[in-house]
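**Q** Sequence and predicted structure below; questions after.
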Amino acid sequence: MQDTIHLVCPHCATVNRLPAARLTQSPSCGKCKKPLFTGQPLELDAAAFAAQVERSDIPVVVDFWAPWCGPCRMMAPAFAQAARQLEPRYRLAKLNTEEQPALASRFGIRSIPTLVMFRKGQELGRQAGAMDAGSLVRWITSRR
């Protein structure tokens, strides 16, 4: 891991520079002073997606989902559990494809739920279909 990493605040979208050694010390945003990690998946809109995926140095796993999707709703608690387990090494986020159809189209999302892992804006992997928390953690940690 590099000496300094960039983390995007989930509250104010400010990019924070942080010594890598402080990543596990519950860092706070330099601007808004709120925690950089919440233990919950982030809800993304187009602007937050761009900031988190393109400007953060840690891998960001995005769950492309929709409220009407049964498997998406079934996987939501497992995704939240995985977020608690994997932070601060990974950021987990959710993108509602009904509210952000252009982003879903841009990334070729044809079925939901679909997970896509990004690092510094580059796609590292994708997986379609619902998974339990253990499978999520294994899939995510095997992609880094």
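**A** Right, received. Where do you want to start?

**Q** I'd like to know which elements the longest helix anywhere in the chain is packed against.
**A** Longest helix in the chain, counting residues (DSSP state H): helix 70-86. With contacts taken as 3 or more CB pairs under 8 Å, 6 or more residues apart in numbering; DSSP states H and E, helix 70-86 sits against strand 60-65, strand 91-96, helix 133-143. No exception for glycine: its C-beta is placed from N, CA and C like everyone else's.

**Q** Deepest-packed of the ones you listed, please.
**A** Highest mean neighbour count of the helices and strands packed on helix 70-86: strand 60-65, a mean of 25 (counted as mean count of other CB atoms under 10 Å).

**Q** list the helices and strands that one packs on?
**A** Packing partners of strand 60-65 (3+ CB pairs under 8 Å, 6+ apart): helix 46-55, helix 70-86, strand 91-96, strand 114-119.

**Q** Now do that strand: distance to the chain's middle.
**A** Relative to its parent chain, strand 60-65 has a centroid offset of 6 Å by CA atoms, centre = their mean, to the nearest Å.

**Q** what pairs with that strand, and is each one parallel or antiparallel?
**A** strand 91-96 (parallel), strand 114-119 (antiparallel) (DSSP bridges).

**Q** what's the closest of those to Gln40?
**A** Among the strands paired with strand 60-65, the nearest to Gln40 by CB to CB is strand 91-96 (8.4 Å).

**Q** so after the closest one, what's the next helix or strand?
**A** Once strand 91-96 ends, the next helix or strand along the chain (criterion: DSSP states H and E) is helix 101-106.

**Q** Just the residues contacting that following helix, thanks.
**A** Outside of helix 101-106, the residues within contact range by CB atoms under 8 Å, 6 or more residues apart in numbering are Ala46, Phe49, Phe64, Leu95, Thr97.

**Q** tally of neighbours for the first one?
**A** With neighbours defined by other CB atoms under 10 Å, the count for Ala46 comes to 13.

**Q** got the contact list for the most centrally placed residue in the chain?
**A** Among the residues of the chain, the one closest to the centroid is Leu92, at 2.8 Å (CA atoms, centre = their mean). By CB under 8 Å, 6+ apart, the contact set of Leu92 is Pro41, Leu42, Val60, Val61, Asp63, Phe79, Ala82, Ala83, Leu86.
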